[in-house]
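Asks: Let's see this in three dimensions:
(one chain, ligands or ions: 1)
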Amino acid sequence: MDVALLGGTGDIGAGLALRLAHDTDHAVVVGSRDPDRARERAEDYAATLADRGASGDLSGLGNADAATRADVVVLAVPPYHVRSTVESVADGLDDETVLVSPAVGIDRDDDGFHYDPPGAGSVTEFAADIAPADVPVVGAFHNLPAARLSNLDADLGLDVALLADDADAKATVRSLVADIEGLRPADAGGLANAAEIESLTPALLNLAANGHGHDLGPRFC
Ligand SMILES: NC(=O)c1ccc[n+]([C@@H]2O[C@H](COP(=O)([O-])OP(=O)(O)OC[C@H]3O[C@@H](n4cnc5c(N)ncnc54)[C@H](OP(=O)(O)O)[C@@H]3O)[C@@H](O)[C@H]2O)c1
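Replies: Now for the predicted structure:
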């Protein structure tokens, strides 16, 4: 499969790019608003793999070209930029494309981190609302710690909750997740359940901030 990581120049994009390129045969397309930045980051990721004597199928493109080429398109951008990002790539999406939303709305105050969903109920449902009607949306990767993903020496041993109303799209992402060593897909139901999964992320951040380790992620059993 071709997997596009829109905003793949950022933290979660780097982690997913490195793990996918290292562990799988999928073609990883790093997307960015700036195609030159996308190419540079793809070269950086390839160099990280080369330092370990590994290689992967990595390239960089502008977000729209990356999305047009890909079978799976991950919206690896901050939640408040999901709308503009989806709109900027919508022409390249169709019913054969699976759109993946890992974004979580989080606020922080003196007490800690708090879930801050959009009016749609969750960012995943928001992404589904604004995506072209025939494009299936899957929620995934919300609770993964980017730094642990990017550290290829770190064992993951984490679960990835999947949310989707389209069974085929969910199966596609389930298979992608299972291809990454140390990640286990976990079916969390339909898109209507996304808020419950997204809200685990600020909970994990609060646990980490209060001394329960760092780069925490979930294991559901
Ligand atoms: N960090 C984590 O541990 C983690 C874990 C799970 C889920 N997530 C979710 O994953 C998403 C990305 O998180 P992140 O930490 O990787 O974010 P980030 O590093 O702050 O940003 C990711 C990328 O978003 C793009 N971007 C920035 N401003 C933009 C704009 N105005 N319009 C469109 N794209 C813009 C940038 O790419 P270009 O400038 O190259 O276009 C940037 O590299 C978030 O929604 C977050 O909730 C993060």
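Asks: Please name the residues that touch Val98.
Replies: Residues in contact with Val98 (Cβ atoms under 8 Å, 6 or more residues apart in numbering) are Asp71, Val72, Val73, Val135, Pro136, Val137, Val138, Ala169, Thr172, Val173. Every C-beta, even on glycine, is put in place using the N, C-alpha and C of the backbone.
Asks: Write out the residues of this structure neighbouring the ligand.
Replies: Contact residues (Cβ under 6 Å from any ligand atom) of the chain with the ligand: 7, 9-13, 32-34, 37, 76-79, 81, 84-85, 102-104, 141-142, 144-146.
Asks: among the contacts of Val98, which ones are buried?
Replies: Buried members of those, counted by 16 or more other Cβ atoms under 10 Å: Val72, Val73, Val135, Pro136, Val137, Val138, Ala169, Thr172, Val173.
Asks: Look up phi and psi at the residue in the chain that the ligand sits nearest to.
Replies: Distances from the chain to the ligand, computed as Cβ to the nearest ligand atom, single out Gly10 as the nearest residue at 2.3 Å. Main-chain dihedrals, Gly10, degrees, to the nearest 10: phi -90, psi -160.
Asks: repeat for the one 4 residues further on
Replies: Torsion angles at Ala14 (phi, psi; degrees, to the nearest 10) stand at phi -60, psi -40.
Asks: start at 109 instead
Replies: In the new numbering, first residue 109, that becomes Ala122.
Asks: what's the span of stretch 135-152, first residue to last?
Replies: For stretch 135-152, the first-to-last residue distance is 16 Å (Cα to Cα, to the nearest Å).
Asks: Quick one: end-to-end length of stretch 219-237, please.
Replies: The straight-line separation of the ends of stretch 219-237 (Cα to Cα) is 32 Å.
Asks: correction: stretch 128-142
Replies: End-to-end distance of stretch 128-142 (Cα to Cα): 22 Å.
Asks: follow-up on the earlier one: which of the contacts of Val206 fall within strands?
Replies: Taking DSSP state E as the definition of strands, those contribute Val180, Val181, Val245, Val246.
Asks: Leu124 is in contact with the first one, correct?
Replies: No. With contact defined as Cβ atoms under 8 Å, Val180 and Leu124 do not form a contacting pair (10.6 Å).
Asks: how about the longest helix seen in the chain: buried residues?
Replies: For the chain, the helix reaching the highest residue count under DSSP state H is reported as helix 143-159. For helix 143-159, burial by neighbour count (16+ other Cβ under 10 Å) applies to Pro143, Arg145, Ala146, Arg147, Arg149, Ala150, Asp152, Tyr153, Ala154, Thr156, Leu157.
Asks: Give me the mean pLDDT for the helix or strand that comes right after that helix.
Replies: Once the chain leaves helix 143-159, the next helix or strand it forms, by DSSP states H and E, is strand 166-170. The predicted model assigns strand 166-170 a mean pLDDT of 98.
Asks: got the CA positions of whichever helix or strand comes after strand 166-170 in PDB?
Replies: Sequence-wise, the next helix or strand downstream of strand 166-170 (DSSP H and E) is helix 171-177. Output of helix 171-177 as PDB, limited to C-alpha atoms (Å, rounded to 0.1, in the frame of the first residue of the first chain):
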ATOM      1  CA  ASN A 171       0.100  17.200   0.800                       C
ATOM      2  CA  ALA A 172      -2.200  17.200  -2.200                       C
ATOM      3  CA  ASP A 173       0.100  15.100  -4.400                       C
ATOM      4  CA  ALA A 174       0.800  12.700  -1.500                       C
ATOM      5  CA  ALA A 175      -2.900  12.200  -0.900                       C
ATOM      6  CA  THR A 176      -3.700  11.600  -4.500                       C
ATOM      7  CA  ARG A 177      -1.100   8.900  -4.700                       C
END
